[in-house]
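Chemist: make a model of this:
(one chain, ligands or ions: 1)
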Amino acid sequence: MSKDMIYGNTPCFLGSENLVNSPNKEVDVVFYGVPWEGAVTWGDYTGCELGPKVMRLCSARYSGYLPELDHINITDHLTLGDLGDVSVVPAEPEKTKDEIKNFAKNVWKTNTFPIALGGDHGITYPIIEGLIEAKNKRVGIIHLDAHYDNNKSSEGDPYGRGAPFARLYETEGVRNESIVHFGIHGPRNKPENGKLAKEVGATTFTINDVRYSSDLRELTKKAYNIAATNTDIVYLSICSDVLDHAFNPGGPVDGNGLTAHELLTIIYEICKQGIGGMDFVEVYPHQDNNDFSSHFASTIVLYALAGEIRHQEQMN
Ligand SMILES: [Mn+2]
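Modeler: This is a model prediction of the structure:
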């Protein structure tokens with residue numbers, strides 16, 4: 001493992017190879033940061049552009065070993081690399097959207113498993129745009145979030161954090177009937193959000209579908225099967241606030257969400273079925289004195305990779 005810093009005093013995520021210094025190094029999994037917070041912010045709840053940096057700093061504490069998952073050691077199976085961050089243009093959502101799309105497109109052209117660390121949820125739309133341009137594939141999406149994030153715009157910004165799924169609904173290459181909004185809950189959603197999701201043919205699994213499910217793993221397989229129907233690739237997008245705020249002090253404030261164990265179970269089961277790539281967004285380090293949410297990003301990513309390893313084993 002590389003001890004290189006990706007920039008300043010910030011290490012590569014999970015001690016991975018520094019691909020900025022060694023761009024020709026071949027790896028199985030690439031991490032990249034998208035240090036972006038859109039121009040429209042609620043009150044002073046701000047600072048998610050620091051997410052990639054703080055997640056990298058926190059990740060230095062962790063190995064790739066998960067004793068609770070049959071003692072899997074991720075780095076025995078997969079090589080990991082860090083591509084650094086997308087260049088963002090402050091207060092320029094449209095320019096930044098194109099920067100993210102072009103960066104993601106180049107990543108999608110490689111034969112790697114990409115994981116983007118946000119940043120606000122606006123980054124998901126250009127990442128999937130890049131996927132469609134690079135691979136020309138039909139995409140299904142599993143979207144783990146408290147919120148639909150399908151507003152027509154975020155206070156006028158069509159690429160804002162509240163709007164990526166409205167843009168994705170309009171995107172040729174995304175099959176709307178293969179979008180699953182999973183874990184949705186709470187009154188920060190508005191009636192038009194649920195209505196629009198239904199109109200476009202997307203599926204909603206609310207927190208109560210999770211809470212009253214007799215078998216969370218079966219429910220998760222059901223979600224995956226919807227996302228995989230008539231699509232070539234399934235993408236996973238995770239907003240930190242799908243977690244209850246008790247488990248996510250660095251995320252937007254939403255109670256009645258998933259427990260950490262439930263979220264990890266869902267991620268592992270989804271990734272065991274086989275996904276193309278993922279993102280983890282909406283961590284606000286300024287709100288989080290002990291960086292709990294940024295620390296948990298490492299666990300989230302390792303569970304996804306453990307699932308990917310199991311998927312690869314089933315394919316061989
Ligand atoms: Mn959310």
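Chemist: which other helices and strands contact the longest strand along the chain?
Modeler: Longest strand in the chain by number of residues (criterion: DSSP state E): strand 174-184. Packing contacts for strand 174-184, counted by 3 or more CB pairs under 8 Å, 6 or more residues apart in numbering; DSSP states H and E, involve strand 139-144, helix 164-169, helix 191-200, strand 203-206, helix 207-211, helix 216-228. (Glycine included, C-beta is placed from N, CA and C.)
Chemist: return the most buried member of the ones you listed.
Modeler: Comparing the helices and strands packed on strand 174-184 on average neighbours per residue, with mean count of other CB atoms under 10 Å, the densest one is strand 139-144 at a mean of 27.
Chemist: restricting to C-alpha, output that strand in CSV.
Modeler: Extracted C-alpha coordinates of strand 139-144, given in CSV (Å, rounded to 0.1, in the frame of the first residue of the first chain):
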residue,chain,number,x,y,z
VAL,A,139,-28.8,2.2,-16.6
GLY,A,140,-30.9,1.2,-13.6
ILE,A,141,-30.3,3.0,-10.3
ILE,A,142,-30.7,2.1,-6.7
HIS,A,143,-31.0,5.3,-4.7
LEU,A,144,-30.6,5.1,-1.0
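Chemist: parallel or antiparallel, which strands does it pair with?
Modeler: strand 174-184 (parallel), strand 233-239 (parallel) (DSSP bridges).
Chemist: give me the contacts around the longest one.
Modeler: Same thing as strand 174-184. Residues from elsewhere that reach strand 174-184 (CB atoms under 8 Å, 6 or more residues apart in numbering): 128, 132, 138-148, 165, 168-169, 194, 197, 200-207, 210, 223, 226-231, 234, 242, 257-258, 266.
Chemist: nearest to the ion among the strands paired with strand 139-144 would be which one?
Modeler: strand 233-239 (3.9 Å; CB to the ion).
Chemist: and the next element down the chain from that closest one?
Modeler: Following the chain from strand 233-239 toward its C-terminal end, the next helix or strand by DSSP states H and E is helix 260-273.
Chemist: fine, thanks again, bye for now.
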